[in-house]
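> My questions are about this predicted structure, shown below with the sequence.
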Amino acid sequence: MDTQIATRSVQRVVTGMPTSDGAGVRLTRVIGQPQLPDLDPFLMLDEFGTDKPEDYIAGFPDHPHRGFETVTYMLDGRMRHRDNHGNEGVLVPGSVQWMTAGRGLVHSEMPEQQAGRMRGFQLWLNLPARDKMTAPRYQEFGPERIPTAIPAEGVRVKVIAGRVAGIAGPILQPATDPTYLDLALRPGAQFVQSLPPDYAAFVYVFEGSLRIGADPGAKAVRAHELAVLGEGEAIRLTGVSAGEDGETARAILVAGRPLREPVAKYGPFVMNTREELQQAFADFQSGKF
């Protein structure tokens, strides 16, 4: 890598907070909690992961959304989604659902299993003011449609959005131009990814640990920690210790163009002004979703 390229460093490290949502599903909230209320354009990141059915079986019954996008990435387990526009499907391990709520919908996300492990992430991504009242839509891809890149020895990357080593992910969102990568690095393996220097970016480690940044200032980030990255043209990651499979550390790398717009949010609605929030509640209560 060219030594003149500005490598991003870790600005801060955040640990998630236990919480529950839906009908009592146990989660770890990483973005959207007091330590990290948001990271424009990212509004929330939840990690869910448990072998106990009682932690997830109640699921997420019908609830509304307006003004933003939800990105669900399943690592283990099966989740069925339905909405009031007639859309329905099952998310299986390795699949991704990128839902643009736009002007509004009501949907449910319920476990399609009675036992076993349920693990994955849900990311909330803001929409610009011009797109908040767009028609709802889905970009949904099974595991066979998520390409894998091998950019360096000991590195495997599932490319959900963005581009790695000439391989492009299937998800497109021009407004925020997101990158969303599922990374696996063996100890000592190194991965370098170019990013626009002003994009917001974070790495969330969910197995093992990584070193982030260029030496000598690289910082070790452990499982269940999120590293907020400073500005720069590229990110450098180095595998440090093994994850659960004894061979690789695992993390997600997410980046996107900041919107730099006012944010007014309450519960399942994210708009730009208090008046738009009030209108969202009125529209939902009158059945306009």
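Good, I have the coordinates. Numbering: from 1, shown residues only.
> For the rest of this, base every contact and every neighbour count on C-alpha atoms.
Fine.
> so what's the residue nearest to Asp62 when sequence neighbours are not counted bridging to?
Once flanking residues are discounted, Asp62 sits nearest to Ser108: 4.4 Å by CA to CA, 6 or more residues apart in numbering. Beta-bridge pairing for Ser108 (DSSP bridges): Arg82.
> from here on, count from 6
In the new count, where the first residue is 6, that last one comes out as Ser113.
> What's the separation between Ser113 and Thr139?
20 Å (CA to CA, to the nearest Å).
> Correct me if wrong: Tyr78 contacts Gly99.
Yes: shown here, Tyr78 and Gly99 form a contact pair, counting by CA atoms under 8 Å, at 6.9 Å.
> out of these two, which sits in the more crowded spot?
Counting neighbours by other CA atoms under 10 Å for Tyr78 and for Gly99 shows that Tyr78 has the greater number, 23 against 20.
> quick one, phi/psi of Val169?
phi -140, psi 130 (degrees, to the nearest 10).
> tell me the contacts of it?
When contacts are counted by CA atoms under 8 Å, 6 or more residues apart in numbering, Val169 touches 154, 156, 162, 198.
> Equivalent analysis for Arg161, please.
By CA under 8 Å, 6+ apart, the contact set of Arg161 is 153-155, 188-190.
> Try it again at 10 Å.
153-155, 186-191, 196, 253, 255 (CA atoms under 10 Å, 6 or more residues apart in numbering).
> what about it, distance to Ala170?
Arg161 sits 11 Å away from Ala170, going by CA to CA.
> shared neighbours, those two?
Taking CA under 10 Å, 6+ apart as the contact rule, Arg161 and Ala170 both touch 153-155.
> top of the contacts of Val169 by neighbour count?
Using other CA under 10 Å as the neighbour test, these are led by Val162, with 25 neighbours.
> May I ask which helix or strand encompasses Glu280?
Following DSSP states H and E, one finds Glu280 within helix 279-290.
> How far off centre is that helix?
26 Å (CA atoms, centre = their mean, to the nearest Å).
> Save the contacts of Val169 as a markdown table, and put in pLDDT too.
Output for those, formatted as a markdown table (pLDDT from 0 to 100):
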| residue | pLDDT |
| --- | --- |
| Ala154 | 98 |
| Pro156 | 98 |
| Val162 | 98 |
| Gln198 | 97 |
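> tell me the two of these that are most distant?
Ala154 and Gln198 (12.1 Å; CA to CA).
> any shared contact partners between these two?
168-170.
> Looking at these, spot the one nearest Ser14.
Proximity of the shared contacts of Ala154 and Gln198 to Ser14 was ranked by CA to CA; the top entry is Val169 with 20.1 Å.
> Quick check: beta-bridge partners of that closest one?
On the basis of DSSP bridges, Val169 is bridged to Ile172.
> go on, Val162?
Residues in beta-bridge contact with Val162 (DSSP bridges): Ala154, Leu188.
> And for the nearest residue to Met115 once chain neighbours are set aside, the neighbour number?
Nearest non-adjacent residue to Met115, counting by CA to CA, 6+ apart: Gly64, 4.6 Å away. By the measure other CA under 10 Å, the count of residues near Gly64 is 21.
> Phi first, then psi, for Gly64.
phi 60, psi -160.
> Quick check: the gap between it and Arg241.
Distance of Gly64 to Arg241, computed by CA to CA: 37 Å.
> same deal with Arg124?
Where Arg241 is concerned, Arg124 sits at a distance of 27 Å (CA to CA).
> Alpha carbons of stretch 217-226, as PDB, please.
In PDB, the C-alpha atoms belonging to stretch 217-226 read as follows (Å, rounded to 0.1, in the frame of the first residue of the first chain):
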ATOM      1  CA  ILE A 217      -7.200  -1.400  13.100                       C
ATOM      2  CA  GLY A 218      -5.000   1.300  11.600                       C
ATOM      3  CA  ALA A 219      -1.400   1.600  10.500                       C
ATOM      4  CA  ASP A 220       1.500   0.700  12.800                       C
ATOM      5  CA  PRO A 221       2.700   1.900  15.200                       C
ATOM      6  CA  GLY A 222      -0.600   3.500  16.100                       C
ATOM      7  CA  ALA A 223      -2.900   0.600  15.300                       C
ATOM      8  CA  LYS A 224      -5.500  -0.300  18.000                       C
ATOM      9  CA  ALA A 225      -6.700  -3.700  19.100                       C
ATOM     10  CA  VAL A 226     -10.500  -4.100  19.000                       C
END
